[in-house]
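K.L.:
Here you go, sequence then predicted model.
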Amino acid sequence: MSRYEIRVKGHLDPHRCAWLGDLELVRHSDGTSTLTGLVADQAELYGLLTRLRDMGATLLLIRDLGAPDRFGG
């Protein structure tokens, strides 16, 4: 399990983002949105990217933030 940050162009609709699971959504003043959260494996990551594509989102960044520490951080 690893924590990922995914940034896309545009402001995502919070209601549609429920389709993406338990990722935290932040909408930035520069007109982008960031989704951050735990992803179990590459299959889940590819599924998230497919859903974002299906929503018409333009991918700007994918960053692996690493595994969370065992104390939840």
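P.N.:
Nice, I can see it. Numbers count the residues shown, from 1 in each chain.
K.L.:
what pLDDT, on average, does stretch 58-68 get?
P.N.:
Across stretch 58-68, pLDDT averages out at 93.
K.L.:
Kindly format the C-alpha coordinates of it as CSV.
P.N.:
C-alpha atoms of stretch 58-68 as CSV (Å, rounded to 0.1, in the frame of the first residue of the first chain):
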residue,chain,number,x,y,z
THR,A,58,-6.5,16.0,-17.8
LEU,A,59,-3.8,14.4,-15.8
LEU,A,60,-1.0,16.7,-14.7
LEU,A,61,0.9,14.8,-12.0
ILE,A,62,1.1,11.4,-10.3
ARG,A,63,3.4,11.2,-7.3
ASP,A,64,4.1,8.2,-5.1
LEU,A,65,4.4,9.6,-1.6
GLY,A,66,5.5,6.3,-0.2
ALA,A,67,4.0,3.9,2.3
PRO,A,68,2.4,5.5,5.4
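K.L.:
in the sheet, who's paired with Ile61?
P.N.:
You called it Ile, but residue 61 is Leu. Beta-bridge partners recorded for Leu61 (DSSP bridges): Arg7.
K.L.:
who's in contact with it?
P.N.:
Glu5, Ile6, Arg7 (CB atoms under 8 Å, 6 or more residues apart in numbering). All C-beta spots, glycine's among them, are computed from the backbone N, C-alpha and C.
K.L.:
Closest one of those residues to His28?
P.N.:
Nearest to His28, judged by CB to CB, of these is Arg7 at 8.4 Å.
K.L.:
got a list of what that closest one touches?
P.N.:
Taking CB under 8 Å, 6+ apart, we find Arg7 in contact with Thr32, Ser33, Thr34, Leu35, Leu59, Leu60, Leu61.
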